[in-house]
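S.K.: Quick one, what's the 3D model for this:
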Amino acid sequence: MVDLQEWIRIRAQRVRNPSRRKPDMETESNKADKLERQLQEDNHKTWGWVIYRCTYSSDKDWMDFMSRLNFHIQESLKLHNGLDMMESLDHHVLEDRALFEAANPITVREHFRQWVQDAPQREQGGPAMRSQRYNFCVHVDEEALQSVISGPPPPADLLGTGYVNLVCSEMLGGVRAESESGHTELDRCWMRVTYQHLMPTWYNLFRTQGSWSTEYREPPQIVTP
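M.R.: Numbers count the residues shown, from 1 in each chain. Below is the predicted model:
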């Protein structure tokens, strides 16, 4: 019977462009490798989406939400032997009760568009380049928060219905034709995505220009990758 190390060695021999993190995996499929390449391409130091806290009913609930989110980020990176990418992760939380309590995604979008005007220079020392950090942000209101924390704790919630609202600043490429009728651009600038896959899965997916057009689904549908 072939032991694990021998299996990995044999598997690695079949991989054309192996990941240095996981030689038995193509680097194009390794989520941590993808993040690393994106930082290099943009000459950036940090990755991750800004999170707008739009509910202040309970600090304990918010801490529970963030703990669950961080669990799934780390577990996903761990699967790709990429925990080193946690060092450059900055899922910065914007908290201001006076500004953001009960704010809707459209209000958050307007604030975000102002924030990104100088954020790349401040954070990265240069332009935004192609970084998805500066075209999307995350909106968490009470409904989204409860969708996450009302379910079982990780990892049992992997197939749960927890979601966050992903907000798009510039919808390059528009949306699918069936989503256009009767809706304005502001109506289509956000959607519900599974929180378990927020980073790095969704983050990597939205690196591609036109991905909003491909992935957009009208709320209340929750989109899975």
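S.K.: residue boundaries of the helices in this protein?
M.R.: In the chain, the segments counted as helices under DSSP state H are 4-14, 31-42, 59-79, 97-100, 105-115, 119-124, 142-149, 203-205, 211-215.
S.K.: what does the fourth one contact?
M.R.: So that's helix 97-100. Applying CB atoms under 8 Å, 6 or more residues apart in numbering, the contact partners of helix 97-100 are 52-54, 56, 94, 108, 111. For glycine as for every other residue, the C-beta is placed from the backbone atoms N, C-alpha and C.
S.K.: ranking those by neighbours, who comes first?
M.R.: Within the contacts of helix 97-100, most neighbours by other CB atoms under 10 Å means residue 52, with 28 neighbours.
S.K.: ok, that residue - contacts?
M.R.: Residue 52 touches 93-94, 100, 103, 108, 111-112, 137-140, counting by CB under 8 Å, 6+ apart.
S.K.: By neighbour count, which of those wins?
M.R.: Neighbour-wise, those (other CB under 10 Å) top out at residue 138, 28 neighbours.
S.K.: distance of that one from residue 43?
M.R.: Separation of residue 138 from residue 43 (CB to CB, to the nearest Å): 24 Å.
S.K.: same check, this time on residue 215
M.R.: 27 Å.
S.K.: quick revisit: return the most buried member of the helices of the chain.
M.R.: Among these, helix 203-205 has the highest mean neighbour count (mean count of other CB atoms under 10 Å), at a mean of 20.
S.K.: now it: mean pLDDT?
M.R.: Helix 203-205 shows an average pLDDT of 98 in the prediction.
S.K.: Contacts for it, please.
M.R.: 31, 34-35, 38, 47-49, 132, 211, 215, 225.
S.K.: rewinding a little: looking at the contacts of residue 52, spot the one nearest residue 21.
M.R.: residue 138 (26.1 Å; CB to CB).
S.K.: check contacts around the nearest residue to that closest one once chain neighbours are set aside.
M.R.: Of all residues not flanking residue 138 in the chain, residue 51 sits nearest, at 4.5 Å (CB to CB, 6 or more residues apart in numbering). Applying CB under 8 Å, 6+ apart to residue 51 gives the contacts 91-94, 137-138, 140, 164.
S.K.: The same query, at a cut-off of 6 Å, please.
M.R.: Shown in contact with residue 51 (CB atoms under 6 Å, 6 or more residues apart in numbering): 91, 93, 138.
S.K.: quick one: pLDDT of the last one?
M.R.: It stands for residue 138. 98.
S.K.: State the distance from it to residue 59.
M.R.: In terms of CB to CB, residue 138 sits 18 Å off from residue 59.
S.K.: again, but for residue 103
M.R.: Applying CB to CB to residue 103 and residue 59 gives a distance of 18 Å.
S.K.: returning to that earlier point: which of the contacts of helix 97-100 lies at the shortest distance from residue 149?
M.R.: residue 53 (13.7 Å).
S.K.: Pull the number of nearby residues for the residue nearest to that closest one when sequence neighbours are not counted.
M.R.: Nearest residue to residue 53 in three dimensions, chain neighbours excluded: residue 95, at 4.7 Å (CB to CB, 6+ apart). Neighbour count for residue 95, taken as other CB under 10 Å: 14.
S.K.: For residue 95, give its distance to residue 54.
M.R.: As judged by CB to CB, residue 95 and residue 54 stand 10 Å apart.
S.K.: if we can go back for a sec, can you say which of the helices of the chain is nearest to residue 186?
M.R.: Among the helices of the chain, the nearest to residue 186 by CB to CB is helix 105-115 (5.2 Å).
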